[in-house]
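Asker: sequence first, then the predicted structure, then my questions.
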Amino acid sequence: MGRHGLKKIPSGCHGGGCGVCKIRILSGCYRVGKMNRDVISPKEIEDGFALACKTIAEGDLEIAVVGRMRKFYRERL
């Protein structure tokens with residue numbers, strides 16, 4: 001994000017319940033807080049998906065933009 005001049009990931013509820021900020025973490029160390037299972041399944045979590053609003057990076061992360069955020073970033077990159 002920093003390379004592209006972007007400072008934030010858009011989010012809706014800021015509480016892990018809406019899924020607007022769903023990302024896929026490709027590499028790096030992180031931990032996550034409680035996320036609503038209606039918007040992110042246990043299988044998705046196992047496959048590296050998370051909600052950005054509930055993700056705490058423990059260093060640099062490489063992420064993929066997924067879901068509803070894709071349009072936001074396509075318009076800015």
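Answerer: In hand now; what should we look at?

Asker: sheet partners, orientation included, of the biggest strand by length in the chain?
Answerer: Identified as the longest strand of the chain according to DSSP state E is strand 22-27. According to DSSP bridges, strand 22-27 forms sheet pairs with strand 49-51 (antiparallel), strand 62-65 (antiparallel).

Asker: out of those, deepest packed?
Answerer: Of all these, strand 49-51 has the most neighbours on average by mean count of other CB atoms under 10 Å, namely a mean of 23. Glycine gets a C-beta too; all of them are placed from N, C-alpha and C.

Asker: what element comes up after that one heading to the C-terminus?
Answerer: With elements assigned by DSSP states H and E, the helix or strand that comes after strand 49-51 is strand 55-57.

Asker: bridging residues for residue 51?
Answerer: Note on residue 51: beta-bridge partners by DSSP bridges are residue 22.

Asker: which residues touch it?
Answerer: 16, 19, 21-23, 32, 35, 39-40 (CB atoms under 8 Å, 6 or more residues apart in numbering).

Asker: top of these by neighbour count?
Answerer: Comparing these on neighbour count, residue 21 comes out first with 25 neighbours (neighbours: other CB atoms under 10 Å).

Asker: that one against residue 53, yeah?
Answerer: Yes. Judged on CB atoms under 8 Å, residue 21 makes contact with residue 53 at a distance of 5.0 Å.

Asker: how about low-confidence regions in the chain?
Answerer: 1-12, 68-77 (pLDDT under 70).

Asker: ok, which stretches of it are helices?
Answerer: 42-46, 69-74 (DSSP state H).

Asker: who's in contact with residue 32?
Answerer: Residue 32 neighbours (CB under 8 Å, 6+ apart): 45, 50-51, 54-56.
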